[in-house]
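Undergrad: Below: sequence and its predicted model.
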Amino acid sequence: MSATVRPPVALLTEDDAREILSRPLRKLCSDHGPTRVAKALGGIDEKTVRNARDERSTLCLDTAANLLALDPHALDGFLGHFGRRSVPDDAICDTDALPAMTGAVHKLVVASASSSDGGATLTRAELLDAKPDIRIAFDALGALLNRIDRFERGVAA
């Protein structure tokens, strides 16, 4: 017995792809002009850029992917259609907030103990030593707050 394989979301059509790619192209062309965009995409024909911008044609996959060099969010429409998103390689996962906060709090508690160099008062050296841990916790909390904001706006997070 064979099972039918069905994708969990509607597949993209060529019209969908044209519409999604036209958004970053409109912005790039508005900011820099189609000639400069075409050159930045490896010297493709300016007419190719204008046609894709105006949804008259579809960019080749390699050219569409190269849009990321000009706009890091150029392919977000494609990924969003499938409930995905891209993040920088060095992004910190928002689920790391609790360990990050715990690490920062621990470092501050130790630094503000009566037996520490400054006693209950945090010294310059103690603060500078704690800064990387505090920064990681701050960034992780910021990612959580951004996620909460997206939930509140009704955007999948």
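TA: The structure has been received and is ready for your questions. Residues are numbered from 1 along each chain as shown.
Undergrad: Next, the buried residues of the longest helix out of those in the chain.
TA: Among the segments of the chain that qualify as a helix by DSSP state H, the longest is helix 124-152. Buried residues in helix 124-152, counted by 16 or more other C-beta atoms under 10 Å: E126, A130, D133, I134, I136, A137, D139, A140, L141, A143, L144. Quick note: C-beta positions are derived from backbone N, CA and C, even for glycine.
Undergrad: The last one touches A97, doesn't it?
TA: Yes: contact between L144 and A97 holds when scored by C-beta atoms under 8 Å: they sit 5.1 Å apart.
Undergrad: what ranges of the protein fall below the confidence cut-off?
TA: Residue ranges of the chain with pLDDT under 70: 1-2, 90-96, 155-157.
Undergrad: Just give me the residue right at the centre of it.
TA: Centroid-nearest residue in the chain, with C-alpha atoms, centre = their mean: V87, separated by 3.7 Å.
Undergrad: Where does it sit: helix, strand or coil?
TA: coil (DSSP: H, G, I helix; E, B strand; the rest coil).
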